[in-house]
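1. just coords:
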């Protein structure tokens, strides 16, 4: 009798809940423009150039990278699935259109420059996700789950120059939203929008780790720091025109030095730099 009463109470509560639309599939990733209401950013939406039928092939360079990553893991279904994350990033590197044309130089000659795109300016179309699933022998849903969880994967096409504006506390108090207003006014776009000519996409992001040089933006793979509204507009104009641009601080600062310059660590550390772990006896 108690079991019957418990079932009756559960049924009564369920009946009082708002009804949900029936789902014909266990999990849904794709939707059309008609069914967008109430759907989160994890849902794929077909757009021109980003559908299941959009052609995508890995370049020979990307194929070499994939084979290198595959060699690091066991040749098992689970082992191959470990390559989903780097494979998605390989796609973004392949589809970064700006890196090879960018005329950028560091503020100091001893700063390392990337010879090839690191992926921040690219994106991962749906067809590429399917190609990854086929290559790794896993389900498409396994790739979707990774691509939708990490915000570093851009699942919609970005402009040639992807502006990621940091608005976390240090940048915010130093004028990040003044920089955002200057960008929006100059380019005629808002956050998460792309200019009509496909040159720029603006995205507000969380901390990019250059707090001491705030405010700053990351454009594709490079940091541009110590910005003012005026220097930001000049930077955007130079990028669009193909003019040389300076990576790092956009003022006279050297790296992240303060106004007094270097105040310590004038030479190489004398050591010891670390404990000699070889002298520690085994337990």
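-> Nice, I can see it. Only a predicted model underlies this, so the values are computations on that prediction, with no experimental measurement involved.
2. And residue 250, how close does it get to residue 208?
-> When distances are taken as C-beta to C-beta, to the nearest Å, residue 250 and residue 208 turn out to be 15 Å apart. Every C-beta, even on glycine, is put in place using the N, C-alpha and C of the backbone.
3. Neighbour count: the two, which is higher?
-> It is residue 250, of residue 250 and residue 208, that has more neighbours when counted by other C-beta atoms under 10 Å, with 21 against 17.
4. which ones are touching that one?
-> Residue 250 sits next to 224, 225, 226, 227, 228, 231, 235 when contact means C-beta atoms under 8 Å, 6 or more residues apart in numbering.
5. Can you tell me which of the residues you listed is closest to residue 191?
-> Comparing the contacts of residue 250 against residue 191 with C-beta to C-beta picks out residue 227 as the nearest, at 16.7 Å.
6. what's the burial count for the residue lying closest to residue 59 once chain neighbours are set aside?
-> Here the nearest residue to residue 59 in space, its sequence neighbours aside, is residue 94; by C-beta to C-beta, 6 or more residues apart in numbering that works out to 5.8 Å. By the other C-beta under 10 Å criterion, the neighbourhood of residue 94 contains 20 residues.
7. for residue 65, what are its contacts?
-> 86, 90, 93.
8. the helices in the stretch 1-150 of the chain, which residues?
-> Counting by DSSP state H, counting those that start in this stretch, residue ranges of the helices within the stretch 1-150 of the chain are 2-16, 60-70, 77-81, 84-94, 126-136, 140-149.
9. Going by neighbour count, list what's buried in the third one.
-> Under the neighbour-count criterion of 16 or more other C-beta atoms under 10 Å, helix 77-81 has 80, 81 buried.
10. what separates stretch 133-148 from the chain centre, distance-wise?
-> Between the centre of stretch 133-148 and the centre of its chain there are 18 Å (C-alpha atoms, centre = their mean, to the nearest Å).
11. Please apply the same query to stretch 140-159.
-> Here the centre of mass of C-alpha atoms in stretch 140-159, compared against the chain's by C-alpha atoms, centre = their mean, lies 9 Å away.
12. what sits up against that stretch?
-> For stretch 140-159, using C-beta under 8 Å, 6+ apart, the contacting residues are 27, 29, 41-42, 44, 47, 49-50, 81, 84-85, 88-89, 92, 120-126, 129-130, 132-133, 162, 194-195, 198-201, 205.
13. Residue 129: neighbour count?
-> Using other C-beta under 10 Å, residue 129 has 28 neighbouring residues.
14. how close does it sit to residue 122?
-> Look at residue 129 and residue 122: by C-beta to C-beta, they are 14 Å apart.
15. Dump the contacts of residue 65 to JSON lines, plus pLDDT.
-> Formatted as JSON lines, those follow (pLDDT from 0 to 100):
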{"residue": "86", "pLDDT": "95"}
{"residue": "90", "pLDDT": "94"}
{"residue": "93", "pLDDT": "90"}
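16. can you pick the most crowded of those residues?
-> Going by other C-beta under 10 Å, residue 90 tops the contacts of residue 65 with 26 neighbours.
17. Verify the stated contact: that one with residue 68.
-> No. Between residue 90 and residue 68 there is no contact under C-beta atoms under 8 Å: 9.7 Å.
18. any idea how far the residue nearest the centre of the chain is from residue 124?
-> With distances taken as C-alpha atoms, centre = their mean, residue 152 lies nearest the centre of the chain, 2.6 Å away. Between residue 152 and residue 124 the distance, using C-beta to C-beta, works out to 10 Å.
19. Check residue 81 too.
-> For residue 81 relative to residue 124 (C-beta to C-beta), the value is 17 Å.
20. Residue ranges in the stretch 51-200 of the chain under the pLDDT threshold?
-> When residues are selected by pLDDT under 70, those of the stretch 51-200 of the chain lie in 107-114.
21. Count the residues that sit near residue 59.
-> Residue 59 has 11 neighbours, counted by other C-beta under 10 Å.
22. before we move on, what about the one 5 residues further on?
-> Using other C-beta under 10 Å, residue 64 has 12 neighbouring residues.
23. No further queries at this time; thank you.
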